[in-house]
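K.L.:
Quick one: sequence and predicted model below, then my questions.
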Amino acid sequence: MVLQNSGKITISDVENEFNGSAPTKLSEYYRGGAHVPSVVTDVPASGSIALSDFYGTSNVIPMTYEIIGGGGGGGGGSYSGAAGSSGGSSSFSGTGITTVTSSGGAGGAGSGLFSSTSGASSHYGSGGAGGANSDSGNQSAGSSAPTSSYGAGGGGGGSAPFHAYNGGHGGGASSRLSSTINISPTTVVTVTIGPKGTGGYGGGNGANGYAKFTVGGQTFTFTSSGTFTVPS
């Protein structure tokens, strides 16, 4: 909630917004102290302080986030011709937050290339390598994306290039979103991590999604779904 911009404002209004309790001295509500976050710049950090300093203020702190969906699986190539599956979306939500969602990478088509291709790289690293191509039946499967390449795609399965255009397409990389929002202390943030897409038979798997949050001097990272509470 945001305190009013004009009119009567009371010490109880300030207590309720900034989680204080009576009896209260206004000096308990200096910016950067026990109750008022340092980002509430309208409130003084020391010296003279008045109720009017709290007009239009709210109990919020900045939170920087990064969120990445799961990478797509590679297509199977001449092993199966099966397409890889798409990676799952990653998201986070909580009271007062508009849900933020990062889409997963697309699965690679099962065949159609003269030779297989690697999975798409993500912000964190390369995708899986495409499988070896062979005209003598010795083609190899595509590689899965490294687990540390969050959101990268799996490699496509190899082909027999002189016989048919049946190399597998590499999986696509997920989207990556990053920004800063204001959030209230003690908010419970629910994080959903998108799973990797699986390769069509002969294609490599993508890499799972990832999320990172920095708020109140603490960092929270997620490679699987979970929750955290914003520090007060």
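P.N.:
Done, it's in.
K.L.:
Pull the number of nearby residues for the residue lying closest to A83 once chain neighbours are set aside.
P.N.:
Leaving aside its sequence neighbours, A83 sits nearest to G110 (CB to CB, 6 or more residues apart in numbering; 4.6 Å). Heads up, the C-betas are built off the backbone N, CA and C, glycines and all. By other CB atoms under 10 Å, the residues close to G110 number 27.
K.L.:
what do you get for I67?
P.N.:
Summarising burial for I67: neighbours were counted as other CB under 10 Å, giving 28.
K.L.:
give me the element it is part of.
P.N.:
I67 belongs to strand 61-68 when elements are defined using DSSP states H and E.
K.L.:
which residues touch S91?
P.N.:
For S91, the contacting residues are I67, T99, V100, T101, S102, V191, T192, by CB atoms under 8 Å, 6 or more residues apart in numbering.
K.L.:
Out of the residues you listed, who's the most crowded?
P.N.:
Ranked by the number of neighbours (other CB under 10 Å), the contacts of S91 place I67 first, at 28 neighbours.
K.L.:
thought that residue was touching S102?
P.N.:
Yes. Assessed by CB atoms under 8 Å, I67 is found in contact with S102 at 4.6 Å.
K.L.:
Now the common contact residues for those two.
P.N.:
By CB under 8 Å, 6+ apart, I67 and S102 have these common neighbours: S90, S91, R176, L177, G209.
K.L.:
Need the max-distance pair from those.
P.N.:
S91 and R176 (13.2 Å; CB to CB).
K.L.:
end-to-end on stretch 78-96?
P.N.:
Using CA to CA, to the nearest Å, the span of stretch 78-96 from its first residue to its last is 50 Å.
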